[in-house]
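1. Fold the following, please.
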Amino acid sequence: MKLNWKTFVVAVSSVGALLVMTAAVVVSQGPQQGTGGPPRGEGFRRGPGPRDGMFPMLHGLNLSDEQKSQIKTIMDNEAANTKDLRDKLKALHESEPDPLSATFNEALVRADAEARSKIDIELQISHARTMSQIGAILTTEQKAQLAARRAQFHEGPPPQQP
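-> Presented below is the predicted three-dimensional model:
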């Protein structure tokens, strides 16, 4: 059997692409149980510092215990009020057909997208309501700190020093 040069290059390229895709999938899955990292979905957080379940933007604002309690109540209420919406969104996601193996059905895809968008709108409204309630219990100084953080966030990170 004679192997021509083009067939060899295509075969090597295909194997290389397969290895790159496999590595990307493995890396994207993050730490798994027994790999030294936290189990998926448990205890993973980004950045330094303690986390107590509140929005990351509220850390470092020197919240009083009363404010923390009020914020926790507000967030717990939002979680309870949006549970059905989050469950519906999860069910829609899990019921999606595999786009690579199923026959394309534009009407079904469109209906699913519309259903997800309606749920997303309600979740965004709930989040805005929650943020408004939290903002109402912050002091003027705390609000100023948040405004400065927001401005800094929109400016982006400072340039790196050589």
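2. Which positions within whichever strand or helix holds Glu66 qualify as buried?
-> Using DSSP states H and E, Glu66 sits within helix 65-95. Of the residues in helix 65-95, those buried by neighbour count under the rule 16 or more other CB atoms under 10 Å are Gln67, Gln70, Ile71, Ile74, Met75, Glu78, Thr82, Leu85, Leu89. (Glycine included, C-beta is placed from N, CA and C.)
3. out of these, which one sits closest to Ala111?
-> Distance to Ala111, by CB to CB, is smallest for Leu89 among the buried residues of helix 65-95, at 14.5 Å.
4. Contact partners for that closest one?
-> The neighbours of Leu89, taking CB atoms under 8 Å, 6 or more residues apart in numbering as the test, are Arg116, Ile119, Asp120, Leu123.
5. can you rerun that using 10 Å?
-> Taking CB atoms under 10 Å, 6 or more residues apart in numbering, we find Leu89 in contact with Thr82, Ala115, Arg116, Ile119, Asp120, Glu122, Leu123.
6. and what of Ile119?
-> Thr82, Asp84, Leu85, Arg86, Asp87, Lys88, Leu89, Leu92.
7. That one and Asn105: what is the separation?
-> 21 Å (CB to CB, to the nearest Å).
8. same deal with Gln133?
-> For Gln133, the distance to Asn105 equals 42 Å [CB to CB].
9. cool, Ile121 as well?
-> From Ile121 across to Asn105, the span is 24 Å (CB to CB).
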